[in-house]
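S.K.: Give me coordinates for this.
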Amino acid sequence: MTRYQINGYTDMHTVVSNERKLGGAVEADVIKLRSGEEYHQAVITRLEMSDAQFCSIGFVTKEGKRLIVHIQDISMIVDARHVNVGDLSNEIMREQKVAERLKHLKLLCDLNKGSCTIPFQEEAERLVFDIGLELAMEHVSLPFLLPEEQKKLVRIA
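M.R.: As a prediction, this is how the structure comes out:
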């Protein structure tokens, strides 16, 4: 699910630098360099600034190759968008980012065992939304995310 289209380097930088708060990742269909090289399903992992100007961009290709490219070497970035981690087309980055989110979710649940505060619930919900409910439920017990009719079910004996 696309959260929203990216309209420039500033949008990319916002998503990448606030990844924990916002969730998701920035994925582009194609990043084309001035030399003619094209990288499909590239996930942008870093945008470096010098003073107030963007100078380099780091990304991972669908083959798992990590590249750092000077901004002036980029000819075109096609269809960059902010997507949920569970919806990344780049399989290598999807696996890596889902594993990171699951690790964070498990730690969060362990630290808050027996306590269901609103900040805990909100952060857990963000992580689950990012990776997908089914996958999260396979790894962590999240009873506060169950539908209302299942929450009211009472077991006797």
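S.K.: And the pLDDT for the most centrally placed residue in the chain?
M.R.: For the chain, G24 is the residue whose C-alpha lies nearest the centre (CA atoms, centre = their mean; 2.6 Å). Note on G24: pLDDT of 90.
S.K.: do you know how far D73 is from S35?
M.R.: 7 Å (CB to CB, to the nearest Å). C-beta coordinates here come from the backbone N, C-alpha and C atoms, glycine included.
S.K.: For the two, indicate the residue with more neighbours.
M.R.: Using other CB atoms under 10 Å as the criterion, D73 and S35 rank with D73 on top: 12 against 7.
S.K.: show me what contacts the more buried one?
M.R.: 33-35 (CB atoms under 8 Å, 6 or more residues apart in numbering).
S.K.: Name the residues that touch the top strand by length along the chain?
M.R.: Counting residues, the longest strand found in the chain (DSSP state E) is strand 38-50. With CB under 8 Å, 6+ apart as the test, strand 38-50 has contacts from 9, 12-13, 16-17, 25-33, 54-62, 65-68, 80, 88-90, 93.
S.K.: can you check stretch 101-119 too?
M.R.: Here stretch 101-119 has contacts from 85, 120, 123-124, 127-128, 130-131, 135-136, 139-142, 144, using CB under 8 Å, 6+ apart.
S.K.: again with stretch 132-141
M.R.: Under CB under 8 Å, 6+ apart, the answer for stretch 132-141 is 84, 86, 98, 102, 105-106, 109, 127-128, 142, 145.
S.K.: Can I have the buried ones of those residues as a ChimeraX selection?
M.R.: To isolate the buried subset of the contacts of stretch 132-141 in ChimeraX, counting by 16 or more other CB atoms under 10 Å, use the following:
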select :84,86,98,102,105,109,127,128,142,145
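S.K.: With respect to pLDDT, which of the contacts of stretch 132-141 ranks lowest?
M.R.: Lowest pLDDT among those: L145, 66.
S.K.: picking up where we left off before, the residue nearest to the centre of the chain and D51, how far apart?
M.R.: From G24 across to D51, the span is 28 Å (CB to CB).
S.K.: Within its sheet, name the partner strands of the longest strand of the chain and how each one runs.
M.R.: strand 25-33 (antiparallel), strand 53-60 (antiparallel) (DSSP bridges).
S.K.: and the longest one, which residues are buried?
M.R.: It refers to strand 25-33. 25-28, 31-32.
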